[in-house]
Structure formats: structure tokens, C-alpha cells
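Chemist: build me a model:
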Amino acid sequence: MHGEVIIEQLAKTYLTRQRRGLFRAEEKSVPALKGVSLDIQPGELFGLLGPNGAGKTTLIKCLTTLLLPTSGRARINGYELTREDNAIRATTGCMLMGERGLYWKLTARENLVFFGALYHLDPAARRRRADELIEQLGLGEIADRAVESYSSGQRMKLAFAKALINDAPLLILDEPTNTLDVPSARELRAVVRELNARGKTVIYTTHIMSEAETLCDRVAIVDRGEVLALGTVPELKASLQRDSVVKVEGVISSRASQAVERLPGVSRVATTLNGHTTLTVVSQDTPAALLPRLIETLTAHQAVIQKIAPDEPTLEDVFIARTGRTLADDTRVK
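Modeler: Coordinates of the predicted model:
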């Protein structure tokens, strides 16, 4: 069925060679996907949420036939991955993060017409489709300039337009607002909502919690090549109802943070550094029971508390509860 994606135990392992001295190298296996299984329904706006290095882009590249999976199966738009790849490509629109697949010496209009031809649109249809996308995405002022003169944000908009050129039932977007300014990102998300309202299935990868919360019907939280949690945003937040979340801002040493981790009832502590330290403390105790012990522990370790308050659970808190890290952490294998 067009717009449906069924993924069964999809795995991808990279083999790299690590040099040992001048003349010796050892092979190393790096698992990027570890048996991912997902069902995405036609017309769904489905989010893949996770930090850089979580495996989101590897999964997208497998689904769009750019990478061959090591094992597992997938059916995309009713077609079997690795067996009917041409049909998958013909019925899928894809935008990869940091995409370089644009011809920089051509204009936006020429790029779109060219890629329309690759999808076998007739000359009149490809020109008409290019004009529609240029107007829809506000590219009119730069449409007839060479892409090499564009800003990074303008190139991202054109890459998005390229993903829409074949008007496919399935749209796969990998970090589409990366490098966009706030107004442009807002406009792009509005277009995504409009396309989804017209019946298109959208797979949307992001490490930005607010995008997943406001856009997606369902979200899979991905980390280190595995799906840690899956459900609607309210369902995922409700999974933390037994726990409380307290955020602390201030000057907090690693020794103080480690002392908080050892407190009875505390299940996870994640640290964010952004000019000051923010601790996100997930506990099985109520805030009323946790706060006095938390303050006492921090002050005993010379922490300076600037702000402390219970917090409503967010998707990032769900991620922290599963991993002990924040979405800002980069989990790529170095």
C-alpha cells in the first residue's frame, strides 16, 4: 500500500579498519542499526527523535535504497526493499540532512526541471511542477540564480523542493530545518503539515524535541541504533507519570552531580552545559520528598543553586529516563 512502511529487524553494521602501527590494521565492526522494527501507517506523520549518532540517518538511507542493510526486511509503499528498489525510489521523496545532491552551477529552476526529468515527468509537467514548488517555498527571487550563490538555508529549501518534485505518497525528511533560520523553519514545518493533511505519509527525523512534539502523530525515540520508546507524544509523556522531573540550574560540579545520582529514589541524572550547568533529575519520589534532599546534597558539595523547580515531563525527559543523556549529546562513534 502506498504510504505504508513496515520495517522488520532492520540492521546495519559498518566495517572499518583501524591502523595499528605503520603496516598493520584491524577490522572493527560498528553497529549503526540493531534490529529496528517499526510500522508506519499511510497518512501518518511519524517522527524519529534522537541525538546525532543515534542511527536515524542510517535508517533513512536504508529505506531510500542508498545503503544496503546488513540484515532484516522492509516493505515501502508495498515494495520489498533490496528487491524492488526502483519502484521504491519512484514512489518516495527524500531530503537528506546536509544534502549535496544539487547542481551548483544550475539555477533552482533548472535543478528542479532536471530532477523532474529523472522521474520521467514530461517536459510540460516538470516545468509546471518546478513553478509550483518555487512559489510554494518562496524561492521566486532566487529561482533563476545559480545555486552556488545561495546561502545554506536557501540550499536547504531547494533540497526540500527537490524532494517534492515527483509528488510521491511517501516523504522522508532528515533534519529538514537544519541551518534554517527560525522564520524559514516555521514555514517549512507549515508546508510539511499541509502535505500531511493532503494524505502524504511523512517520516521526519529530528533531534529537536519541540519539532517532534508539535508535528508528529507518533514518535520513535532512537538511540545507539535501537528504538527505546514508541508512541504518541501524550503516551510517551504518560510513561513518566510514576516519576517526577526536577530541573536545577547553577554552578554545579561533577562531584555534586555524582552525589545527586547516588540519592535514594533517583533513577537518572543528565547534565547540560550552556554557560551554566543544568541538571535534569528523574526520581521515583514526589517533588515534595525529593527537593529537600536534593538541595541539601547540592549545598553540601558547594554547588550554587540559581534555579530549582519541578518540571512537566517532556519528550527529552523520556529520553533522559531511558538513557541518562540529553538529546544534545552526540553519540556518534569516534
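
Chemist: residue ranges of the helices in this protein, please?
Modeler: 56-63, 85-90, 108-118, 123-136, 152-164, 182-197, 209-215, 233-238, 254-261, 287-300, 315-323 (DSSP state H).

Chemist: for those, give me TSV that also has distance to Tyr79.
Modeler: Glycine gets a C-beta too; all of them are placed from N, C-alpha and C. Formatted as TSV, those follow (distance: least, Cβ to Cβ, whole Å):
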stretch	distance to Tyr79
helix 56-63	11
helix 85-90	4
helix 108-118	18
helix 123-136	23
helix 152-164	18
helix 182-197	21
helix 209-215	26
helix 233-238	30
helix 254-261	48
helix 287-300	51
helix 315-323	32
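
Chemist: would you mark the buried spots in stretch 249-262?
Modeler: Residues 249-250, 252, 256-257, 259-260 are the ones in stretch 249-262 that count as buried (16 or more other Cβ atoms under 10 Å).

Chemist: swap that for stretch 209-227, sorry
Modeler: 209, 211-213, 215-216, 218-227.

Chemist: rebuild the helices of the chain as a markdown table, extending it with distance to Gly43 and mean pLDDT.
Modeler: As requested, the helices of the chain are exported to a markdown table (distance: least, Cβ to Cβ, whole Å; pLDDT from 0 to 100):
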| stretch | distance to Gly43 | mean pLDDT |
| --- | --- | --- |
| helix 56-63 | 17 | 94 |
| helix 85-90 | 18 | 95 |
| helix 108-118 | 25 | 96 |
| helix 123-136 | 20 | 96 |
| helix 152-164 | 17 | 93 |
| helix 182-197 | 7 | 93 |
| helix 209-215 | 14 | 88 |
| helix 233-238 | 18 | 85 |
| helix 254-261 | 43 | 92 |
| helix 287-300 | 40 | 91 |
| helix 315-323 | 22 | 78 |
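
Chemist: quick one: which of these is nearest Met97?
Modeler: helix 56-63 (6.3 Å; Cβ to Cβ).

Chemist: other residues contacting the closest one?
Modeler: 5, 7, 10, 12, 32-33, 36, 48, 50, 67-69, 74, 76, 81, 92, 94, 96-97, 172, 174-175, 203, 205, 222, 225 (Cβ atoms under 8 Å, 6 or more residues apart in numbering).

Chemist: can I have the buried ones of these as a ChimeraX selection?
Modeler: Here is the ChimeraX command that selects only those of the contacts of helix 56-63 that count as buried (16+ other Cβ under 10 Å):
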select :5,7,10,12,32,33,36,48,50,67,69,74,76,81,92,94,96,97,172,174,175,203,205,222,225
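
Chemist: strands - which of the contacts of helix 56-63 land there?
Modeler: 5, 7, 10, 12, 32-33, 36, 48, 74, 76, 92, 94, 172, 174, 203, 205, 222 (DSSP state E).

Chemist: please tell me I have it right and Glu8 contacts Pro69.
Modeler: No: judged on Cβ atoms under 8 Å, Glu8 makes no contact with Pro69 at a distance of 10.6 Å.

Chemist: so what's the residue count around Arg325?
Modeler: Counted with other Cβ atoms under 10 Å, the neighbours of Arg325 add up to 18.

Chemist: next, the contact list for the closest residue to it other than its chain neighbours, please.
Modeler: Computed as Cβ to Cβ, 6 or more residues apart in numbering, the closest residue to Arg325 that is not its neighbour in sequence is Ala270, at 5.8 Å. By Cβ under 8 Å, 6+ apart, Ala270 lies in contact with 279-280, 320, 324-326.

Chemist: ok, Arg129 - how many residues close by?
Modeler: Residues within reach of Arg129, counting by other Cβ under 10 Å, total 21.

Chemist: residue contacts, it?
Modeler: 112, 116, 121, 165, 167.

Chemist: so who does the first one touch?
Modeler: By that I understand Leu112. Taking Cβ under 8 Å, 6+ apart, one finds 126, 129-130, 133-134, 158, 161-162, 165 in contact with Leu112.

Chemist: tell me how far it lies from Leu170.
Modeler: 19 Å (Cβ to Cβ, to the nearest Å).

Chemist: again, but for Val281
Modeler: The separation that Val281 has from Leu170, given Cβ to Cβ, amounts to 40 Å.

Chemist: which residue sits closest to Leu236, ignoring its sequence neighbours?
Modeler: Val318 (4.9 Å).

Chemist: neighbours of that neighbour, how many?
Modeler: 27.

Chemist: got a list of what it touches?
Modeler: Here Val318 is in contact with 221, 229, 236-237, 239-240 (criterion: Cβ under 8 Å, 6+ apart).

Chemist: same check, this time on Thr271
Modeler: 252, 254, 257, 277-280, 326.

Chemist: my read: Arg193 touches Leu215, true?
Modeler: Yes: taking Cβ under 8 Å as the definition, Arg193 is a contact partner of Leu215 at 6.9 Å.

Chemist: who touches both of those two?
Modeler: Both Arg193 and Leu215 are contacted by Leu45, under the criterion Cβ under 8 Å, 6+ apart.

Chemist: what is the burial count for Ile88?
Modeler: Residues near Ile88, counting by other Cβ under 10 Å: 22.

Chemist: isn't it right up against Thr64?
Modeler: Yes: using Cβ under 8 Å, Ile88 is in contact with Thr64, at 7.5 Å.

Chemist: domain-wise, how is the protein divided?
Modeler: Using automatic domain parsing, the domain parsing of the chain gives 5-237, 243-312.
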